[in-house]
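Visitor: what follows is a predicted structure for the sequence shown.
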Amino acid sequence: MSNALAPIALTISSMLFASLWEGAIAVAAVYLCLRLLPKLGASTRYAVWLLTLVVLAAAPIATAILSGQHGAPSTAATVDAMAARSGAASSAGTISAPPSIVRGQVPSASITVPVPLRRRIDVPLALSLAIALLWIVVAGARGAVLAMNLRALVTLRRTAEPLRDAYGYPVLASSRASVPLATGFVRPAVVLPASLTAELSGDALDAIVMHEVAHLRRGDVWTNGLARVLEALLALNPIAWFVLSRLSVEREIACDDWVVTRLDAGEVFANALAKMACRAMSPSLAAPSAIGSKHEVVARIERLLDGRPRRLRLSAVALTGTLVLLAIFAMIVPTVSPVLALASQGSTPTLGVAGCADRPARAQFLDPATGRPSGRWIVLKDIPKDDSPRSTVLDVSIGANGKLSKVVVISSPHARDAAAARSFFVRDASGYRPASVNCKAVASTVRVAMRVDVAAATTISIVSANYSDGWSRRHPGACRVPDLLHGGVPDVRLARSKPLTASVLVRVDASGKVTDAAITRSSGDAVYDNAMLAAAKDDTYPLDERTGFKPVRPSGASLAWNATHGYSLYSKCTPLPSEYTWTTTFPPASS
């Protein structure tokens with residue numbers, strides 16, 4: 001049962017964890033910006049805090065989705081199962097184990113390009129379940145309270161008596177209301193406590209009614225409802241509590257500004273607030289009200305009595321800037337947030353327990369489609385050195401703490417194969433479990449062979465020197481650098497049914513060193529284009545036979561042309577060109 005709930009518990013835990021540190025960054029940035037802009041009106045500050053609350057809820061959801069951690073890792077996995085996963089992956093840049101290894105010796109894997117991973121934090125399943133259960137209970141309780149408040153408002157509205165109309169809205173009186181309220185998503189109205197009409201003067205009542213009408217005109221019924229729903233979702237996040245308190249304060253100040261601006265009744269409304277604060281009142285969560293905490297009421301009274309300017313309109317510049325910054329935050333932060341993963345059961349070694357079976361080291365490999373931990377743990381066992389020329393042999397050392405300490409390439413058919421095989425192990429240096437002897441974790445070194453499936457086809461590259469029109473007239477008798485041919489650069493591992501062709505323009509300085517290179521014709525395959533661009537940059541021009549390039553014999557020329565047009569001749573052609581064009585074709589694998 002716990003394994004079935006593990007993905008849900010991990011998702012909830014990931015969102016709660018992300019909401020804490022991501023929320024701290026977002027709220028701190030917004031708070032600092034608002035402190036630096038003290039002249040912004042309360043309406044603008046309220047809108048900014050509301051946007052922050054939305055991002056506070058949305059960013060952790062995006063983080064949980066991007067993390068891809070939706071399953072508990074198994075305690076063991078066969079290499080055959082992993083090989084099946086690898087077979088479904090793209091064949092571009094693959095590294096796979098030889099048949100002798102696939103039968104249970106070392107992992108078979110399939111990778112494309114090394115992908116940098118976010119930091120992973122392992123949490124026990126029991127802790128993840130406890131956090132998820134706590135969130136469900138608290139969020140459910142907050143949701144239930146909100147639902148009860150909404151139901152009470154419906155009953156209050158239905159039993160309230162019409163009092164009068166004010167500013168286009170009905171004003172109702174109810175003996176069940178303890179505070180003035182702005183209510184109604186579809187049929188907005190102002191509800192006053194019935195006893196309040198007898199206690200306050202007409203001017204004071206008008207000021208209170210204007211305050212509640214301001215809530216209705218500003219759409220606070222809807223925005224407060226949204227904030228309360230998000231409050232339930234962020235029930236365990238104290239940073240969200242702070243944002244909600246700021247929303248409450250700014251909302252009431254914004255409506256106070258309406259009273260001062262429209263009625264010029266700041267002193268009258270301040271006296272009315274003071275009288276209502278002395279009453280025993282319990283504002284509803286589901287509806288905006290003129291009364292908050294007593295501390296807030298005191299601060300509002302002081303503000304009502306000062307002569308500061310009131311700004312009722314929203315600042316378009318401030319809101320646009322907030323939207324842009326929060327959008328950037330919501331897009332970037334989830335991609336770098338640490339990833340929560342379920343710690344495997346029993347992975348912590350127990351010392352001094354006799355009779356425990358010794359365990360070899362294990363590695364958690366990455367999902368070839370996403371580049372994230374797949375949840376599969378593969379047993380690594382020592383194997384004899386594989387003499388196949390198409391295998392890279394490595395010694396992988398794993399410390400007693402489960403961290404990768406060293407990877408040494410013993411032999412490899414090609415330097416690029418060695419680099420790819422090595423990166424396969426080091427790019428997720430934390431995804432290992434140490435070997436154990438008598439239940440005690442120990443350091444170990446495992447010899448692993450990684451076979452590279454080499455495509456039969458090879459690249460054909462032609463490098464042409466670019467000469468401007470009229471060059472021969474300006475330099476009579478000067479020789480030209482001929483077209484150069486190489487079969488095998490760039491060295492790529494692809495399996496394609498259709499040919500690929502790409503071109504690169506290379507610019508060089510007087511010494512022949514590359515100053516700039518750019519793709520002028522894309523093959524449509526990013527791996528191939530990047531390999532070609534790297535090959536074009538990695539040399540000094542003009543290219544020569546020492547790196548495998550051969551001059552292309554002109555059509556009709558005798559075989560003796562090659563002997564008389566070698567590198568020793570064309571390297572001395574002056575002036576040398578400043579541009580070269582690479583055109584490289586990768587034929588289909590069947591060719």
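Guide: Cool, got the structure. These numbers come from a predicted model, not from an experiment.

Visitor: could you pull out the helices in the stretch 201-350 of the chain for me?
Guide: Taking DSSP state H, counting those that start in this stretch as the criterion, the stretch 201-350 of the chain carries its helices at 202-217, 220-233, 238-263, 266-277, 294-304, 316-336.

Visitor: of those helices, which is nearest Ile519?
Guide: The closest of those to Ile519 is helix 316-336. By Cβ to Cβ, the value is 25.9 Å. From N, CA and C alone the C-beta is placed, and that goes for glycine too.

Visitor: model confidence over the closest one, on average?
Guide: Helix 316-336 carries an average pLDDT of 81.

Visitor: for stretch 220-235, same thing?
Guide: 90.

Visitor: likewise for stretch 534-545?
Guide: Stretch 534-545 shows a mean pLDDT of 87.

Visitor: Gly395: what secondary structure?
Guide: Just to correct that, residue 395 is Asp rather than Gly. strand (DSSP: H, G, I helix; E, B strand; the rest coil).

Visitor: what about it, distance to Lys537?
Guide: 32 Å (Cβ to Cβ, to the nearest Å).

Visitor: cool, Arg474 as well?
Guide: 29 Å.

Visitor: between the two, which one's more packed in?
Guide: Higher neighbour count among Arg474 and Lys537: Lys537, with 14 against 9, using other Cβ atoms under 10 Å.

Visitor: who's in contact with that one?
Guide: Lys537 is in contact with 506, 514, 517, counting by Cβ atoms under 8 Å, 6 or more residues apart in numbering.

Visitor: these into CSV, with extra columns for distance to Ser405 and pLDDT?
Guide: Putting those into CSV (distance: Cβ to Cβ, whole Å; pLDDT from 0 to 100) gives the following:
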residue, distance to Ser405, pLDDT
Val506, 41, 94
Val514, 37, 92
Ala517, 38, 93
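
Visitor: any chance of a ChimeraX selection covering the buried ones in the residues you listed?
Guide: Per 16 or more other Cβ atoms under 10 Å, the buried members of the contacts of Lys537 correspond to this ChimeraX selection:
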select :506,514,517
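
Visitor: out of the contacts of Lys537, which is nearest to Val260?
Guide: Using Cβ to Cβ, these come closest to Val260 at Ala517, 65.8 Å.

Visitor: what values do phi and psi take at the closest one?
Guide: Torsion angles at Ala517 (phi, psi; degrees, to the nearest 10) stand at phi -150, psi 140.

Visitor: so what sits opposite it in the bridge?
Guide: With DSSP bridges as the criterion, Ala517 is bridged to Val506.

Visitor: any idea how far it is from Ala299?
Guide: 63 Å.

Visitor: neighbours around Thr223, how many?
Guide: 18.

Visitor: that one touches Leu50, doesn't it?
Guide: Yes. Using Cβ atoms under 8 Å, Thr223 makes contact with Leu50 at a distance of 5.8 Å.

Visitor: burial count for the residue nearest to Ala166 when sequence neighbours are not counted?
Guide: Spatial nearest neighbour of Ala166, excluding adjacent residues (Cβ to Cβ, 6 or more residues apart in numbering): Val209 at 4.9 Å. Counted by other Cβ under 10 Å, the residues lying close to Val209 total 23.

Visitor: same question, Phe269
Guide: Other residues close to Phe269 by other Cβ under 10 Å number 26.

Visitor: same question for Lys440.
Guide: Considering only other Cβ under 10 Å, Lys440 is surrounded by 16 other residues.

Visitor: using PDB, write out every CA atom in the one helix or strand Asp122 maps to.
Guide: Using DSSP states H and E, Asp122 maps to strand 120-123. Output of strand 120-123 as PDB, limited to C-alpha atoms (Å, rounded to 0.1, in the frame of the first residue of the first chain):
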ATOM      1  CA  ARG A 120      19.000  15.300  -5.700                       C
ATOM      2  CA  ILE A 121      18.000  15.000  -2.100                       C
ATOM      3  CA  ASP A 122      16.900  11.500  -0.800                       C
ATOM      4  CA  VAL A 123      14.000  11.400   1.600                       C
END
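
Visitor: tell me the strands beside it, with direction?
Guide: Strand 120-123 has these strand partners (DSSP bridges): strand 339-342 (parallel).

Visitor: in stretch 26-39, what's buried?
Guide: 26-27, 30-31, 34.

Visitor: having no further points to raise, I will conclude here.
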